[in-house]
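Sequence and predicted structure, then a few things I'm wondering about:
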Amino acid sequence: PEGGAGKLLDSGRWIENRAGGRLFELGGRWVVNPSGGLESKGHPLGATGVAQCVELCEQLRGIAGKRQVDGARVGLQHNYGWASCAVVTLYRGPASRAAAL
């Protein structure tokens with residue numbers, strides 16, 4: 001609902017996954033930037049979208065190691081760039097993770 005962003009952020013908490021990695025969870029449902037986000041990668045111009053794509057593909061294949069979000073099925077990527085370019089992409093994992101490996 002409108003005006004609820006502050007409440008959503010306040011509901012955030014750090015959780016630990018099965019591999020011992022610490023992830024930030026919002027609203028008991030969404031995990032945000034398990035890799036640390038683009039700033040943790042030095043925010044390389046031109047490669048930020050690719051870094052997001054790789055992270056989401058690894059998550060959905062179940063091969064993200066300590067960053068793995070347990071039970072990840074869907075990922076959302078958004079990137080806002082220079083000259084007001086914007087991209088939003090929604091990813092869905094394979095029906096069976098065994099098929100992805």
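Looks like it came in fine. Numbers count the residues shown, from 1 in each chain.

before we move on, could you check phi and psi at the most far-flung residue of the chain relative to its centre?
Largest separation from the mean C-alpha position in the chain: residue 83, at 24.5 Å (C-alpha atoms, centre = their mean). The phi/psi pair for residue 83 (degrees, to the nearest 10) reads phi 60, psi 30.

All the helices of the chain, in order from the start?
Applying DSSP state H to the chain gives helices spanning 5-10, 48-61, 97-100.

Tell me the confidence at residue 30?
Note on residue 30: pLDDT of 78.

so who does it touch?
Taking C-beta atoms under 8 Å, 6 or more residues apart in numbering, we find residue 30 in contact with no residue. Heads up, the C-betas are built off the backbone N, CA and C, glycines and all.

what bridges to it?
Beta-bridge pairing for residue 30 (DSSP bridges): residue 26.

go on, residue 16?
Applying DSSP bridges, one finds that residue 16 bridges with residue 22.

Can you say which of the helices of the chain is packed in most?
Across the helices of the chain, the average number of neighbours (mean count of other C-beta atoms under 10 Å) peaks for helix 48-61, which reaches a mean of 18.

If you count contacts, what does that one end up packed against?
strand 74-80, strand 86-92, helix 97-100 (3 or more C-beta pairs under 8 Å, 6 or more residues apart in numbering; DSSP states H and E).
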